[in-house]
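Novice: Take a look and give me a structure for this.
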Amino acid sequence: MSTSSSAGMTALEQIDSRPLTKNQKNLIALVVTGNISEFFDMFLIGFAVSSLLKDPSWHLQGYEAGWILAMSGLGTVIGAILWGRLADRIGRRTAFSWCVVLFTLFTFASVFTPADGWVMLAILRIFVGIGVGGLNITSIPYVQEFVPAKQRGLLSGLASVFIPFGLFLGSMAQMAVGSNWRLLIALGVIPALLLIWLRKVPESPRFLQSRGRTDEARQALAWALEVPVDKLGALPEIRSVQSASYALIFSKYLRSLIIITVGSFCFILGASVIQSWGQSILGSGYKFTPGMVGALFMVVSLGDLLGRLSSAWLADRIGRRWTMFSYGFIGALGLMLASASVMLGQGAEGDVTSAGWIFFTGILIAMTFGDGAFGVLNAFGAEQFPNEARSTGLGLGYGLGATAKVFGPALLGSLFGSKVTLDSIPSAFGLFAVLLVLGGIIYLFAQETKGVSLDKI
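Specialist: Okay, the predicted model is just below:
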């Protein structure tokens, strides 16, 4: 679009009227890569625990493995709540960079965990999770504040869409290094390179303007649009608002908080169990080889990626609410199939491998749709709050909902006890299916934000 045709437009109207620039795409690519790194790290610990359960030098029990995995979840809960608030106070870019520093530093420390040191590994995973838990929460508002409203669902959703590629990379890493869990975890330090990339992008213009740094906000928007600062339109007026705080969220945006908290919990529970325990269930429970487990989870990662991409795309077509509802319902059908795998396998003359293939089909459906809804889930959650409280509200709601990452793995670990068996699969996965349907229904009560400008929310 020519400069003359942009005359009289505000800066936000310029963003809405132009195709994406190279700089906008660069920012999107940065947050996509950062969130892939998040999943890469979280899945590495799932593969590592699967190896440790078979390592004779560790004597790891099922409930101990459950604690390791649950502490990773606890860290993400703390991280989402903490960094959501900090992103509204210190900026999206600054918070994002510290998340990367934190999770790569404690991932590196985890490499040196001594044999039978499951308590130490569990504690380190808390701090890894704190860093990991903040990445998605800080990156989604970061992207939303630089892109056109009509494409915001898809473009901000991309921050979550390609996360399953981290599972794909983790599966490849597991197949390459085998049972060498220390080397596997060490690969989780690679994302530290993101800090170099992050130096090339500016802070969120809305954050800068809210702090009275108007000149920097104009420079950030001019960078995004790739135009001289003097060709940039007027910035929107900043309303006089209360500073974002947890108390403000509870007092003014309680309905949105409840929807996001309960909805997130329902969608996260089943997915977190599959992500953390799926490898061990297929390997120790259904007797698949480590190589086969790695290959099958590469397929799961592809299904999850396609599910997230389609949900992000549909969110700008049929709306956020109906996308969440339909994906929750279909994902629940997959969890019901996984729940019935033991019974259906017994019908095949007790062939545990046949039951394993049924279980795999169920979790593939569940991850494609139930976890695939995350292509829009956090983007939709962020849109339930105004600019000044977006990261704080999303971080608090998602963080409280992410307690499912603690509850789910710990519950299954306690049900397994000392050994991974199949007795607990029907009841546990049946429960996860019911909650996923409930989650889809809950999002029908959220405010539909398809095509609505962030400044009008």
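Novice: could you show me where the helices are in the stretch 251-400 of the chain, in order?
Specialist: 254-280, 290-315, 320-339, 341-346, 352-365, 377-382, 390-401 (DSSP state H, counting those that start in this stretch).
Novice: where do the strands sit along this protein?
Specialist: For the chain, no strands are identified by DSSP state E.
Novice: Could you list the low-pLDDT ranges of this structure?
Specialist: Along the chain, segments meeting pLDDT under 70 span 1-7, 42-43, 238-244, 345-351, 417-420, 455, 457.
Novice: can you state the direction angle for the helix ranked longest in it and helix 290-315?
Specialist: Using DSSP state H to define each element, the chain has its longest helix at helix 22-52. With axes from the mean of the first three to the mean of the last three C-alpha atoms, to 10 degrees applied, the angle from helix 22-52 to helix 290-315 works out at 150 degrees.
Novice: oh, and call the first residue 188 from now on, that's how I've got it
Specialist: Right, with 188 as the first residue, what we last looked at is helix 209-239.
Novice: What residues sit buried inside helix 209-239?
Specialist: Of the residues in helix 209-239, 210-211, 214-215, 217-239 count as buried by neighbour count, 16 or more other C-beta atoms under 10 Å. For every residue, glycine as well, the C-beta is placed using N, CA and C.
Novice: Please apply the same query to stretch 492-508.
Specialist: So, applying 16+ other C-beta under 10 Å, buried residues of stretch 492-508: 492, 494-503, 506-508.
Novice: is it true that L231 touches M359?
Specialist: No. Here L231 does not reach M359: they are 11.2 Å apart, not a contact under C-beta atoms under 8 Å.
Novice: returning to what we had before: to V388, which of the helices of the stretch 438-587 of the chain lies closest?
Specialist: helix 577-588 (16.9 Å; C-beta to C-beta).
Novice: Reformat the helices of the stretch 438-587 of the chain into TSV and put distance to E251 next to each item.
Specialist: Converted to TSV, the helices of the stretch 438-587 of the chain look like this (distance: least, C-beta to C-beta, whole Å):
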stretch	distance to E251
helix 441-467	12
helix 477-502	20
helix 507-526	24
helix 528-533	24
helix 539-552	23
helix 564-569	31
helix 577-588	26
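Novice: L395: which of the ones you listed is closest?
Specialist: Of all the helices of the stretch 438-587 of the chain, helix 577-588 comes closest under C-beta to C-beta, at 14.3 Å.
Novice: Can you give me the buried ones in the closest one?
Specialist: 577-588.
Novice: just curious, which of these is nearest to A569?
Specialist: For these, the nearest to A569 is L581 (4.5 Å; C-beta to C-beta).
Novice: out of everything not next to it in sequence, what's closest to the closest one?
Specialist: Of all residues not flanking L581 in the chain, A569 sits nearest, at 4.5 Å (C-beta to C-beta, 6 or more residues apart in numbering).
Novice: count of residues packed around that neighbour?
Specialist: A569 sits with 27 neighbouring residues when counted by other C-beta atoms under 10 Å.
Novice: list the contacts for it?
Specialist: 327-328, 331, 343, 577-578, 580-581 (C-beta atoms under 8 Å, 6 or more residues apart in numbering).
Novice: What values do phi and psi take at G506?
Specialist: Here is the backbone geometry of G506 (degrees, to the nearest 10): phi 100, psi 160.
Novice: hang on, isn't A235 packed against A373?
Specialist: No. Assessed by C-beta under 8 Å, A235 is found out of contact with A373, at 10.4 Å.
Novice: residues contacting L408?
Specialist: Contacts of L408 by C-beta under 8 Å, 6+ apart are 198, 202, 392, 419, 422.
Novice: if we go to 7 Å?
Specialist: 198, 392, 419 (C-beta atoms under 7 Å, 6 or more residues apart in numbering).
Novice: are any of the residues you listed buried, and which?
Specialist: Applying 16+ other C-beta under 10 Å to those flags 198, 392, 419 as buried.
Novice: Present those as JSON lines; the columns should include distance to V319.
Specialist: Listed next are the buried ones among the contacts of L408 as JSON lines, based on distance: C-beta to C-beta, whole Å:
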{"residue": "A198", "distance to V319": "33"}
{"residue": "P392", "distance to V319": "27"}
{"residue": "L419", "distance to V319": "36"}
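Novice: Just give me the closest of these to R398.
Specialist: P392 (10.9 Å).
Novice: That closest one and A566, how far apart?
Specialist: 19 Å (C-beta to C-beta, to the nearest Å).
Novice: So what's the residue count around the nearest residue to G627 once chain neighbours are set aside?
Specialist: In this structure, G627 finds its nearest non-sequential neighbour in G515, 2.6 Å apart by C-beta to C-beta, 6+ apart. Neighbours of G515 under the rule other C-beta under 10 Å: 27.
Novice: List the contacts of G515.
Specialist: G515 neighbours (C-beta under 7 Å, 6+ apart): 454, 557, 560, 623-624, 626-627.
Novice: again, 8 Å this time
Specialist: Applying C-beta under 8 Å, 6+ apart, the residues contacting G515 are 453-454, 556-557, 560, 623-624, 626-628, 630.
Novice: Please apply the same query to W254.
Specialist: Neighbouring residues of W254 by C-beta under 8 Å, 6+ apart: 305, 309, 597, 600.
Novice: Go through these and say which is closest to R442.
Specialist: Among those, and counting by C-beta to C-beta, the member closest to R442 is A597, at 29.6 Å.
Novice: Quick check: closest non-adjacent residue to the closest one.
Specialist: A257 is the one closest to A597 (C-beta to C-beta, 6+ apart), at 3.9 Å.
Novice: V593 is in contact with that neighbour, correct?
Specialist: Yes. Counting by C-beta under 8 Å, A257 touches V593, with 4.8 Å between them.
Novice: which of those two has more neighbours?
Specialist: When neighbours are counted by other C-beta under 10 Å, A257 and V593 differ, and A257 comes out ahead with 26 against 21.
Novice: For burial, what's the neighbour tally of W285?
Specialist: Residues near W285, counting by other C-beta under 10 Å, number 17.
Novice: Check A363 too.
Specialist: Neighbours around A363, by other C-beta under 10 Å: 12.
Novice: if we can go back for a sec, so which of the contacts of W254 is the most crowded?
Specialist: The most crowded member of the contacts of W254, judged by other C-beta under 10 Å, is G600 (26 neighbours).
Novice: Now do the contacts for that one.
Specialist: Contacts for G600 (C-beta under 8 Å, 6+ apart) come out as 249-254, 256-257, 464.
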